[in-house]
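A.B. asks: Sequence and predicted structure, then a few things I'm wondering about:
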Amino acid sequence: MGQVYWRQGLPDATFSLFFRPTPKRLYFVLSGIDDLLDKIDEFRFDEEDLIYLESLKIFDKDYLRYLSTFRFDGLVRSMKNGSIFFPNESVLEITGNIIEGQILETLIINEVHSNTSLATKSTRIVQSSGNSTIVDFSARRTYGYEAALKASKNAYLAGFEGTSNFDAAKLFDIPVSGTMGHSYILGFQDEYQSFLNYAQEFKSNSIYLVDTFDSLEGVQKVIELHKNESLDIRGIRLDSGDFSTLSYKARKMLDSAGLKTTKIIVSGSMNEYKIHELINNQKCPIDIFGVGSDYGVSSDVPVLECVYKLVEIDNQPVNKNSPNKSYLPYSKQIYRKLHNNMMDHDIVTKNSAKKNGYFPMIKNIYDRGDYLINKESLHDVRKYIKIQMEQLPDNYKNLKSEKIYRVVFEI
């Protein structure tokens, strides 16, 4: 496409990114904008790229010469990183040379989709957990190393309190958290001895995995360790079994032994639905959840329909009108109305429109190589997401709700 645009000399254009309606997702949390801007700013075709493209024998040498000096020289407009948004609302727009906007399409969709999917999933998990703490255990089951880092980062942004991924903790300044594994206990062939050896290394900072053989017997051995060694016990972890029954029985045993501050951690295929059932319906005495596989791949909704469409060319509106795939033309602005500091409704307008009493969600963030915003820390974005979630009415956060947030289109 780029070579055709180049040869025909097409004018500047605007592309718009939005998400179509998705079952089980009444809202989305925008993420990845900071990393995307850096990748757009750094995007180049190096010598190896150009040699490969030439080897395909389908590109004009003058076009390849054009690509050798390629850099994005247009405007990026976007909602703020961490913003809550709703289906069919533009969240990011690219205006400039149509070749540049087209070449960057896959990068933009990939970066925003992957991060937004994880940020949205993790806010749902946090919302389901009541006062319990959530820790990211997802690294082993994500689709690759980079995906594991993204999962840990977005989990922390959404309100998780830590990660078991050491690299992510180091890179992003996230609290690191981890416990022993079943292989550790089996390596000693004696559960009590494995607990004792661990305690001698990590003292009262230890969390003991108790379900390798029999969960309640494991709890009893932790209690014996406490008595024999005069040792405080930070926590026990349950990784299998009937978590409701086991957590109640374990809590009773620990309290009777004077270990009332010892935490109960539960892991093992946890997700927002299971956590909600254990905490809100069964009122289980679980302090911390380790959330892994179901979060890291967003198992209930692994793919969001994130699309990037041409909406203007040479300042004239364009759009596609095929059934179920139509979209609105024009560069857009999203205006949000709050009532009593709670989200009430949004209005989608042309970018040129003004709405008094509404907050404009989309702002210019990058223009011809210049960053127009200061890069925010993860801690700042985390605070912003928390505020946004507090402003989102409960009926849109309920896991079983089908209530649709009101979005008015004035185009």
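C.D. replies: Cool, the structure landed. Since the model is a prediction, treat every value here as computed from it, not as a measurement. Numbers count the residues shown, from 1 in each chain.

A.B. asks: Check the closest residue to G292 other than its chain neighbours and give its pLDDT.
C.D. replies: Across the structure, with C-beta to C-beta, 6 or more residues apart in numbering as the measure, the residue nearest G292 apart from its sequence neighbours is F137 (3.8 Å). C-betas here are computed from N, CA, C, even on glycine. Turning to F137, the model gives it a pLDDT of 97.

A.B. asks: What number of neighbouring residues does F137 come out with?
C.D. replies: Taking other C-beta atoms under 10 Å as the neighbour definition, F137 ends up with a count of 29.

A.B. asks: Who are the contact partners of it?
C.D. replies: With C-beta atoms under 8 Å, 6 or more residues apart in numbering as the criterion, the residues that contact F137 are 164, 267, 290-292.

A.B. asks: try it again with 6 Å
C.D. replies: F137 sits next to 164, 267, 290, 292 when contact means C-beta atoms under 6 Å, 6 or more residues apart in numbering.

A.B. asks: and those residues, which two are the farthest apart?
C.D. replies: Of all pairs drawn from these, the greatest distance, 9.6 Å, lies between S164 and S267 (C-beta to C-beta).

A.B. asks: so how far is E376 from L157?
C.D. replies: Counting by C-beta to C-beta, to the nearest Å, the gap from L157 to E376 is 11 Å.

A.B. asks: more crowded one of those two?
C.D. replies: The neighbour count for L157 versus E376, taken as other C-beta under 10 Å, is higher for L157 (28 against 16).

A.B. asks: Report the secondary structure element holding the more buried one.
C.D. replies: With secondary structure defined by DSSP states H and E, L157 is part of helix 145-158.

A.B. asks: swap in M253?
C.D. replies: helix 243-256.

A.B. asks: Contacts for that helix, please.
C.D. replies: Outside helix 243-256, the residues within contact range by C-beta under 6 Å, 6+ apart are 215, 219, 238, 262, 264, 266, 282, 284-286.

A.B. asks: So which bits of that helix are buried?
C.D. replies: Taking 16 or more other C-beta atoms under 10 Å as the basis for neighbour counts, the residues of helix 243-256 that come out buried are 243-244, 246-248, 250-251, 253-254.

A.B. asks: Give the rounded mean pLDDT of that helix.
C.D. replies: Per-residue pLDDT values over helix 243-256 give a mean of 99.

A.B. asks: After that helix, which helix or strand is next?
C.D. replies: Secondary structure here is assigned by DSSP H and E; on that basis, the next helix or strand after helix 243-256 toward the C-terminus is strand 263-267.

A.B. asks: Take the following helix or strand past that following strand, keep the C-alpha atoms, and write them as PDB.
C.D. replies: Scanning forward in sequence from strand 263-267 by DSSP H and E, the next helix or strand is helix 272-276. What follows is helix 272-276, C-alpha atoms only, in PDB (Å, rounded to 0.1, in the frame of the first residue of the first chain):
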ATOM      1  CA  GLU A 272     -12.200 -12.400  39.000                       C
ATOM      2  CA  TYR A 273     -15.100 -14.800  39.000                       C
ATOM      3  CA  LYS A 274     -13.600 -17.200  41.400                       C
ATOM      4  CA  ILE A 275     -12.300 -14.500  43.700                       C
ATOM      5  CA  HIS A 276     -15.700 -12.800  43.700                       C
END
